[in-house]
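Student: the following block contains a protein sequence and its predicted model.
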Amino acid sequence: MTSQRINPAKLLIIIWTVTVLIFLYIPMFSVVLASLTKKRYFSFPVQHWDTIWYEKALDSLSVRDLIATSLSVAVLVTVFSVVLGFCGALAFARYDWTGRKLFQKIVLLPIFFPQAVLGLALLLWFSTLGITTSWKTAVFAHMIWIVPIVTLIMTIQIYGFDPSLEEAAFDMGASRWQVLREVTLPLLSPGIISGAVFAFLLSWGNFPLSLFSTGADQTVPEWLYAKMVSGYTPMVPTLGSLTMGGAVVLLVLTYGLYRLLARRHRRG
Amino acid sequence: MAGRQGSVRQILDWLRQPGVLTAIPTSLFLLAGFVGPLVLVIGFSFMPPRTFSLAQAPTLANFISVVTDSYYISFGWSVLLATSTVLLLLAICYPIAYGMAKLFGRWANLVTVLVAVPLLVSENIRLFGWVLFLLKKGILDGTLQTLLGISGPSLLYSVPAIVFGLVYVYLPFMLFPLVIGLSMVPDELKEAASDLGARRLQIFREVELPLAMPGMMIGCMLTFILSLGSLAESKILGGQAVVMIADDIESAFTFAQNWPKGSVLSVLLIAFSGALVFILFRRIDLDRIIGRR
């Protein structure tokens, strides 16, 4: 860097990028800061730091209920979306077939669709079909938006996949199931893992779709919103920080898993 | 007879392709969860106001009431706010995308991760963070007061606050397509243009911009449509400053219990966004954009 002449345009771009990145993280930082204050109403500079709201949050039964609901939704969404997304991604990118271009466009449409309107349309759909909304309908609602995203993530992996490896396995006498288990799945596993992580976190944090599809049940983002609009308590930033913490832990674990897979891959 | 058997055979052959087989689960799911509700909403938009079934005689009353009850105002606000958001995002993201595609090298991956991680935190929490930051006696106000002794007016609950929120939340959806678009511009082409005596602005306008266009169009379209249908930003950061179209749709469906009214507003929004997506999809090849490394 020192021997090279840094041109001023490049320097400006770097400064701008760093500034925007800092901006992206200001709200998260603010939430964590607010969760560590003792007072009932937030004001800055903070006079008394405390972790009392964390103790209260972890003791509260209603908070546990909220987390249990959000977790159940997110886990089911992840499992179903990975299966559907995997099939969808194979159809999207791996095979050539008549109708593929149309399929690609239809699969991507829900991503382009305003989520609040989608949630309301689903509410109408459920009540016309006579289905009572609960956290189970929320699983379905989340999937309309998340399956296309997972499909897209896995598609990117499949474009980099060499189909001749599958053909070679077939030529050597492997069955369809063996090829899937021993060749296709291991090679596509990074895409599957990142698809699963995205599915889980997007469902865990989703608000617009949950708002209209959970019925009497409530997820964490819904509760946070209700409290933000009326009846603020420091429990809001606290629970917010806890969910962010959970997301960070999951991301770090995933990264660890990647490294492990990469190392095994190199050895094997 | 033979002809009929032939076409059945053709269908069976088509179904036997692995691509079709793998497309079936996802297609059925989206049929039941996306196409179905959309058709239902379109159906309801033709029902008389305040009815709850599709068994009535169709009417255009709701479409007329969009004009007479001045719902076009909230629609107009949404279009205006979404347009401002897109223009601001283009200006903010272009230099960063250029840096990520051409200048940063290995560091580009780090920037990608840092931009993507906030997407995994609930939009609500992030917007709420801005409320804490911008609030009177919040982090910004409090800092200014202690350090400089000045206290500005509240920055929240205004139209600029909503645009700010939209820009913040949808930034990655502009940035990533732009990066893909710009990395599709080969450096050799720009060098060639420069060797042939083109000026910098000329190269930008005649080489870089047209080649980066697909990514740019996806970014603009995506952020425009998402901002157009947004709900949380105007509610959390905007207070009651303006009513956006998604607000109107929500209250028609919930408080007012007027499904046909909510449906007609949704149809308006969907038709508008749908037309844009249609134009976009006719002009670009998805294989090329997603498959590109």
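Tutor: Everything's here; your move. Numbering: from 1, shown residues only, chains lettered A, B, ... in the order given.

Student: burial check on whichever residue of the stretch 51-200 of chain B sits closest to chain A, number of neighbours?
Tutor: Closest contact between the stretch 51-200 of chain B and chain A, by C-beta to the nearest C-beta, is at B:G129 (2.5 Å). In short, each C-beta sits where N, CA and C put it, glycine included. By other C-beta atoms under 10 Å in any protein chain shown, the residues close to B:G129 number 27.

Student: now do B:Q5
Tutor: B:Q5 has 9 neighbouring residues, counting by other C-beta under 10 Å.

Student: give me every residue that touches the residue of the stretch 51-200 of chain B closest to chain A.
Tutor: A:26-31, A:240 (C-beta atoms under 8 Å, 6 or more residues apart in numbering or on different chains).

Student: if you set the cut-off to 6 Å instead, what comes out?
Tutor: The contact partners of B:G129, by C-beta atoms under 6 Å, 6 or more residues apart in numbering or on different chains, come to A:27-28, A:30-31.

Student: now A:S203
Tutor: A:73-74, A:77, A:142.

Student: tell me the one of the residues you listed nearest A:V183?
Tutor: Nearest to A:V183 among the contacts of A:S203 is A:V77, at 28.1 Å by C-beta to C-beta.

Student: nearest spatial neighbour of that closest one, skipping sequence neighbours?
Tutor: Sequence neighbours aside, A:S203 is the residue nearest to A:V77 in space, at 4.1 Å (criterion: C-beta to C-beta, 6 or more residues apart in numbering or on different chains).

Student: ok, back up a step: quick check: the residue of the stretch 51-200 of chain B closest to chain A vs A:S241, distance?
Tutor: Taking C-beta to C-beta, to the nearest Å as the measure, B:G129 falls 10 Å from A:S241.

Student: that older thread, so the residue of the stretch 51-200 of chain B closest to chain A: helix, strand or coil?
Tutor: Following DSSP: H, G, I helix; E, B strand; the rest coil, B:G129 is assigned to helix.

Student: show me what from the stretch 101-250 of chain B comes close to chain A.
Tutor: B:103, B:114, B:118, B:120-122, B:124-126, B:128-130, B:132-133, B:137-139, B:142, B:146, B:225, B:229, B:231, B:246 (C-beta under 6 Å from any C-beta of the partner chain).

Student: list the residues that contact the residue most central in space within chain B.
Tutor: For chain B, B:L226 is the residue whose C-alpha lies nearest the centre (C-alpha atoms, centre = their mean; 2.6 Å). Counting by C-beta under 6 Å, 6+ apart, B:L226 touches B:Y170.

Student: so which strand or helix has it?
Tutor: In the assignment (DSSP states H and E), B:L226 maps to helix B:209-228.

Student: mean confidence for that helix?
Tutor: In this model, helix B:209-228 has an average pLDDT of 86.

Student: likewise stretch B:106-118?
Tutor: Per-residue pLDDT over stretch B:106-118 has a mean of 88.

Student: output stretch B:65-83 as CSV, nothing but the C-alphas.
Tutor: Extracted in CSV, the C-alpha atoms of stretch B:65-83 (Å, rounded to 0.1, in the frame of the first residue of the first chain):
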residue,chain,number,x,y,z
SER,B,65,-64.4,4.8,-4.7
VAL,B,66,-60.6,4.8,-5.0
VAL,B,67,-61.0,8.1,-7.0
THR,B,68,-64.0,9.5,-5.1
ASP,B,69,-62.6,8.8,-1.6
SER,B,70,-59.2,10.3,-2.5
TYR,B,71,-57.2,7.1,-1.9
TYR,B,72,-55.0,8.3,-4.7
ILE,B,73,-53.4,10.7,-2.2
SER,B,74,-51.8,7.9,-0.2
PHE,B,75,-50.9,6.2,-3.4
GLY,B,76,-49.3,9.3,-4.6
TRP,B,77,-47.3,9.7,-1.4
SER,B,78,-46.1,6.1,-1.7
VAL,B,79,-44.9,6.7,-5.3
LEU,B,80,-43.2,9.9,-4.3
LEU,B,81,-41.5,8.4,-1.3
ALA,B,82,-40.5,5.3,-3.2
THR,B,83,-39.0,7.4,-6.0
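
Student: what residues sit buried inside that stretch?
Tutor: B:65-66, B:71, B:74-75, B:77-79, B:81-82 (16 or more other C-beta atoms under 10 Å in any protein chain shown).

Student: show me where pLDDT drops low in chain B?
Tutor: Chain B contains residues with pLDDT under 70 at B:1-4, B:285-286, B:288-293.

Student: select the longest helix from it.
Tutor: Counting residues, the longest helix found in chain B (DSSP state H) is helix B:72-98.

Student: for that helix, enumerate the helices and strands it packs against.
Tutor: Here helix B:72-98 touches helix A:8-35, helix B:159-183, helix B:209-228, helix B:245-253, going by 3 or more C-beta pairs under 6 Å, 6 or more residues apart in numbering or on different chains; DSSP states H and E.

Student: relative to A:S134, which of these is closest?
Tutor: helix B:245-253 (18.5 Å).

Student: report the inter-axis angle for the helix or strand just after that closest one versus helix B:245-253.
Tutor: With elements assigned by DSSP H and E, the helix or strand that comes after helix B:245-253 is helix B:259-283. Per axes from the mean of the first three to the mean of the last three C-alpha atoms, to 10 degrees, the angle that helix B:259-283 makes with helix B:245-253 is 150 degrees.

Student: which neighbouring elements make contact with helix B:259-283?
Tutor: Against helix B:259-283 (3+ C-beta pairs under 6 Å, 6+ apart) you get helix B:36-44, helix B:61-68, helix B:209-228, helix B:245-253.

Student: quick one: the longest helix of chain B to helix B:209-228, angle?
Tutor: Relative orientation of helix B:72-98 versus helix B:209-228 (the same axes, to 10 degrees): 140 degrees.

Student: would the helix or strand where A:G119 lies count as contacting chain B?
Tutor: For A:G119, the host element (DSSP H and E) is helix A:115-129. Yes - applying C-beta under 6 Å from any C-beta, one finds helix A:115-129 in contact with chain B at A:116-117, A:120-122, A:124-125.

Student: next SSE after the helix or strand bottoming out on mean pLDDT in chain A?
Tutor: Counting by mean pLDDT, DSSP states H and E, chain A has its least confident helix or strand at helix A:52-59, which shows a mean of 81. Later in the chain than helix A:52-59, the nearest helix or strand by DSSP H and E is helix A:61-89.

Student: give me the buried positions along that following helix.
Tutor: Buried positions in helix A:61-89, judged by neighbour count with 16+ other C-beta under 10 Å: A:63, A:66-67, A:69-74, A:76-78, A:80-82, A:84-89.

Student: tell me the angle of it relative to helix A:52-59?
Tutor: Using the same axes, to 10 degrees: helix A:61-89 against helix A:52-59 is 70 degrees.

Student: what's the first helix or strand after helix A:61-89?
Tutor: helix A:100-108.

Student: now for the residue lying closest to B:F44 once chain neighbours are set aside, how many residues are close by?
Tutor: Sequence neighbours aside, B:S263 is the residue nearest to B:F44 in space, at 3.8 Å (criterion: C-beta to C-beta, 6+ apart). Around B:S263 there are 26 other residues, counting by other C-beta under 10 Å.

Student: having no further points to raise, I will conclude here.
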